[in-house]
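**Q** One predicted model, sequence on top.
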Amino acid sequence: MDAINAALRNNNFGNGADGGQRPGARSGTRGGRGGARSTANRDGTDGGANRYGGGGGGMYSSSSLGAPSYNKDFQILDDFFQHYDIQTDDGEKIKPYWELLKKVADRRLKVIPVHLDDITQFVMAKGDIAAAGLPDRIQSNTMHYIELMENCIDQILPQNEYQIVDDADPIDVLRMYRSASQRSTQTSTQRQEPDTMDVDTQQLGGDQPPAVTPLNAASDNALPRLLTRRYELIVIPAAEKPTIPLRQVRANLIGKLLRVRGIVTRVTEVKPLLVVATYNCDSCGLEAYQEVTQRTFMPMLQCPSSKCKLSRQPGKLNFQTRGSKFVKFQELKLQELAAEVPIGHVPRTVTVYLMGERTRTCTPGDIITVDGVFLPTPNQGFKAMRSGQLVSDTYIHAMSVSQEKKSFSEYIQNAAATSERVAEFWRTTDEPYKVLAASIAPEIFGMEDVKKALLLQMVGGVTRNLEDGMRIRGDINVCLMGDPGVAKSQLLKHISTIAPRAVYTSGKGSSGVGLTAAVLRDPNTKEFVLEGGSLVMADMGICCIDEFDKMEESDRTAIHEVMEQQTISIAKAGITTTLNARTSILAAANPAWGRYNPRKTPAENINLPAALLSRFDLMFLLLDEPDSLKDRQLAEHITHVHRFDSHPSLGFNALSAEFIRDYVATAKMKHPSVPRELRDFIVSAYVGMRHIGRSGGASADPFGGAGGGVDHEDFGFTTARTLLAILRLSQALAR
């Protein structure tokens, strides 16, 4: 602790000698311009400003305002990293964070996650009233406390001697080069020059030149801390911290740690982001460093050494790529979920920056939860001159990214409890198939067969992945064709709420690009990037398309590949790739003339191309025919719903949407196959259907009698897709 206290007195972390900051001094930057100018903090930090541009929730740290003492917080964090322990199941006490630091020192770990729950538990055990507010202070001024924790870890991290290996990083190369230079110039007086002082003791402020260090520095402390750190420190908020809707992320949350949830619409390529630039003078041999705190920076052009300044021919600084430090950088667009968007409003979108090991953690269409710091992006260049830096863009500096449950198979959290509930349901229910189907949208009258088909669609068949790479889909596609007012759209809406991952869209307002994928130019890199459409976002789920008949023919053909191969092939703007769209299509459409015309053939009423019809496993004609008995039952059902805000009695308790999801997820764990004794029967039935279809008999019409005794010539045909549809439905029913 003596060494740490000495380091605290030297660094002082922006505080005065009395532990409080100078009156009126700020630990952050003014107007959200953090990173553009260095503040007067003696440790070289930006006082809470974001390392990559933008303010970090800077606060007035003066004793008159009752601000916390960073010296005391530093000591608490030092004690936390070294002495926080937990008890294992075997009764043994371990120090998890000290073990993490050992792994970092041994280069076996790159990320140090700090959980606020652990800090809360540690300070509560200490019983210090002043320390009890440390978790809240970290959450309110996260970027500054991250810098504080990194400085603490730099003091206590074990320093081991490493040998240069094949995968040596820039620090190894610089250490070896500095050691050789130190031995050769040990008696030189160059170290006494003012321009060769340690980077940690330089005071930068205003527009002074960036920190520089000599080539023959005596220790690793001469290297910038950002260059010597081989780890990334992230702060994880409390587990019970609620998720903030994107629509409620506002200016009062800038600089604070928050948790948001949304769907990824765009992901850029992973690019190297410069953090520390290293230069070498070809005249005097000076080694200079420049910490990059923004997305753009001005490289150093002149050597800052006194020798080059006095010389008539100053040396030229050469950028050393091998000695500079880069981090992985990726940008994504996070859009609020459709269920959180008010009717008539446009979905909100926020930019998320992923760095280091958090890159490549999600793809377009994933529903993710992001823990990060909400920060502003300062305007730069001509944009700053035009706006005067009064209005800034914002982004979320991600700390952690976790994917939501993507499909039914990943939905179950407690498999044992779910299996017990499903088994209890089977024991106490005589007709589980009928009860499950009737529990789908019980407010909608009738349509028992349609609801059973929708239940089978959620369960789906078994997807076959063959050894040669061929994939036979198991997802079931359903089309509801019928007259207006038969609750087709309501069924689609209800299915989109039951399925864990479902997207609802309207055919009239959807284009082929909106359904598949769009190629857009990224505003930062000026490169073309892919933005997934509805079918990509519904991967491993259900895509509900309403008003399917009102789509343009060119847009409708865009989903042909999705319905059979379940992929989207893109060849636009030099981008040639294939996206996954493993989704079931649930479409609703009206007949050609708005209502079904019994005087026309079914083919004329449906008015869809044969290539599209053959891709639907099930197709229903929902006709609104006058029937006094059914009309009375329907009217009584509707009036009951409007009067009591609930559906009439079904003879049993309707199952909840959560139980239906659990049941479907359990059913998807089964993998039935066609038995040998049933194979011959299926083959014979298929051959018979093909023969009837070729002869043109009226019985070949799968909708025979649907139009009130309509008996027209055959409009349908039986293909191999029909056989596959029968197998998929049989597997779903067996599940």
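**A** Yes, it's here. Fair warning: this is a prediction, and the values are worked out from it, not measured in the lab. Numbers count the residues shown, from 1 in each chain.
**Q** What is the neighbour count of residue 223?
**A** Around residue 223 sit 25 other residues, with neighbours defined as other Cβ atoms under 10 Å. For the C-beta atoms, the positions are set from N, CA and C on the backbone; glycine is no exception.
**Q** Surely it touches residue 289?
**A** Yes. Judged on Cβ atoms under 8 Å, residue 223 makes contact with residue 289 at a distance of 7.4 Å.
**Q** What does the pLDDT read for residue 221?
**A** Reported pLDDT at residue 221 in the predicted model: 42.
**Q** should've said residue 144
**A** Reported pLDDT at residue 144 in the predicted model: 92.
**Q** Residue 273 too?
**A** Looking at residue 273, its pLDDT stands at 91.
**Q** go on, the one 3 residues further on?
**A** In this prediction, residue 276 carries a pLDDT score of 90.
**Q** Please renumber the chain so that the first residue is 210 from this point on.
**A** Yes, from this point I'll number from 210; that puts the last item at residue 485.
**Q** Dig out what it forms beta bridges with.
**A** When bridges are called by DSSP bridges, residue 485 pairs up with residue 500, residue 534.
**Q** wait, what's in contact with it?
**A** Counting by Cβ atoms under 8 Å, 6 or more residues apart in numbering, residue 485 touches 433, 435-436, 498-501, 533-534.
**Q** between the residues you listed, which is closest to residue 284?
**A** Closest approach to residue 284 among the contacts of residue 485 (Cβ to Cβ): residue 435, at 23.6 Å.
**Q** isn't there a helix covering the closest one?
**A** Yes. If the criterion is DSSP: H, G, I helix; E, B strand; the rest coil, then residue 435 is within a helix.
**Q** Identify the residues contacting it.
**A** Residues counted as contacts of residue 435 (Cβ under 8 Å, 6+ apart) are 484-485, 500, 534.
**Q** low-confidence ranges in this structure?
**A** 210-277, 368-379, 381-431, 588-600, 614-626, 718, 721, 733-734, 902-926 (pLDDT under 70).
**Q** Kindly list the main-chain dihedrals of the residue nearest in space to the middle of it?
**A** For the chain, residue 577 is the residue whose C-alpha lies nearest the centre (Cα atoms, centre = their mean; 3.8 Å). Backbone torsions of residue 577, given as degrees, to the nearest 10, read phi -130, psi 160.
**Q** for it, what are its contacts?
**A** 470-473, 543, 570-571, 610-613.
**Q** do residue 758 as well
**A** Going by Cβ under 8 Å, 6+ apart, residue 758 touches 690, 716, 798-801, 816-817.
**Q** Could you rerun that using 7 Å?
**A** Each residue near residue 758 by Cβ atoms under 7 Å, 6 or more residues apart in numbering is listed here: 798-799.
**Q** What of the one 10 residues further on?
**A** Residue 768 makes contact with 724, 744, 794, according to Cβ under 7 Å, 6+ apart.
**Q** What is the neighbour count of residue 767?
**A** Residues lying near residue 767 (other Cβ under 10 Å) number 21.
**Q** For it, which three-state class applies?
**A** Of the three states, residue 767 takes helix under three-state DSSP.
**Q** if we can go back for a sec, any chance of JSON lines for the contacts of residue 768, columns secondary structure and distance to residue 936?
**A** Shown next, in JSON lines, are those (DSSP: H, G, I helix; E, B strand; the rest coil; distance: Cβ to Cβ, whole Å):
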{"residue": "724", "secondary structure": "helix", "distance to residue 936": "27"}
{"residue": "744", "secondary structure": "helix", "distance to residue 936": "24"}
{"residue": "794", "secondary structure": "strand", "distance to residue 936": "18"}
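**Q** Neighbour count and distance to residue 681 for those - can I get that in a markdown table?
**A** Formatted as a markdown table, the contacts of residue 768 follow (neighbours: other Cβ atoms under 10 Å; distance: Cβ to Cβ, whole Å):
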| residue | neighbour count | distance to residue 681 |
| --- | --- | --- |
| 724 | 25 | 23 |
| 744 | 30 | 19 |
| 794 | 24 | 17 |
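**Q** and of these, the nearest to residue 311?
**A** Among the contacts of residue 768, and counting by Cβ to Cβ, the member closest to residue 311 is residue 744, at 47.6 Å.
**Q** Next one: the closest one from residue 728, what distance?
**A** 16 Å (Cβ to Cβ, to the nearest Å).
**Q** Could you do residue 484 as well?
**A** Distance, residue 484 to residue 728, by Cβ to Cβ: 31 Å.
**Q** now do residue 796
**A** Distance, residue 796 to residue 728, by Cβ to Cβ: 26 Å.
**Q** between these two, who's got more neighbours?
**A** Per other Cβ under 10 Å, whichever of residue 796 and residue 728 has more neighbours is residue 796, with 27 against 15.
**Q** since we're on residue 635, how many residues are nearby?
**A** So residue 635, with other Cβ under 10 Å, has 10 neighbours.
**Q** count of neighbours near the closest residue to it other than its chain neighbours?
**A** What sits nearest to residue 635 in space, not counting adjacent residues and going by Cβ to Cβ, 6 or more residues apart in numbering, is residue 641, at 5.9 Å. Residue 641 has 15 neighbouring residues, counting by other Cβ under 10 Å.
**Q** again, but for the one 5 residues further on
**A** The burial metric for residue 646, expressed as a neighbour count using other Cβ under 10 Å, is 19.
**Q** right, and the helix or strand after the strand or helix carrying it?
**A** Here residue 646, judged by DSSP states H and E, is contained in helix 641-647. Toward the C-terminus, helix 641-647 is succeeded by helix 657-668 as the next helix or strand (DSSP H and E).
**Q** which strands and helices sit next to that next one?
**A** Using 3 or more Cβ pairs under 7 Å, 6 or more residues apart in numbering; DSSP states H and E, the elements in contact with helix 657-668 are helix 641-647, strand 687-691, helix 697-707, helix 866-876, helix 929-943.
**Q** could these go into a markdown table alongside distance to residue 845?
**A** Converted to a markdown table, the helices and strands packed on helix 657-668 look like this (distance: least, Cβ to Cβ, whole Å):
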| stretch | distance to residue 845 |
| --- | --- |
| helix 641-647 | 17 |
| strand 687-691 | 22 |
| helix 697-707 | 18 |
| helix 866-876 | 25 |
| helix 929-943 | 32 |
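**Q** Figure out which of those is closest to residue 843.
**A** helix 697-707 (13.7 Å).
**Q** what bridges to the closest residue in space to residue 305 that isn't next to it in sequence?
**A** Spatial nearest neighbour of residue 305, excluding adjacent residues (Cβ to Cβ, 6+ apart): residue 295 at 6.1 Å. Taking DSSP bridges as the rule, residue 295 bridges to residue 303.
**Q** gap between residue 295 and residue 794?
**A** Distance from residue 295 to residue 794, by Cβ to Cβ: 49 Å.
**Q** and residue 647, how many neighbours does it have?
**A** 20.
**Q** contacting residues for it?
**A** Listed by Cβ under 7 Å, 6+ apart, the contact partners of residue 647 are 660, 859.
**Q** Any buried residues in stretch 814-826, and which?
**A** Neighbour-count burial for stretch 814-826 flags 814-815, 817, 821-826 (criterion: 16 or more other Cβ atoms under 10 Å).
**Q** Hmm, I typed the wrong one, I wanted stretch 322-332.
**A** By neighbour count with 16+ other Cβ under 10 Å, stretch 322-332 contains the buried residues 323-325, 327-329, 331-332.
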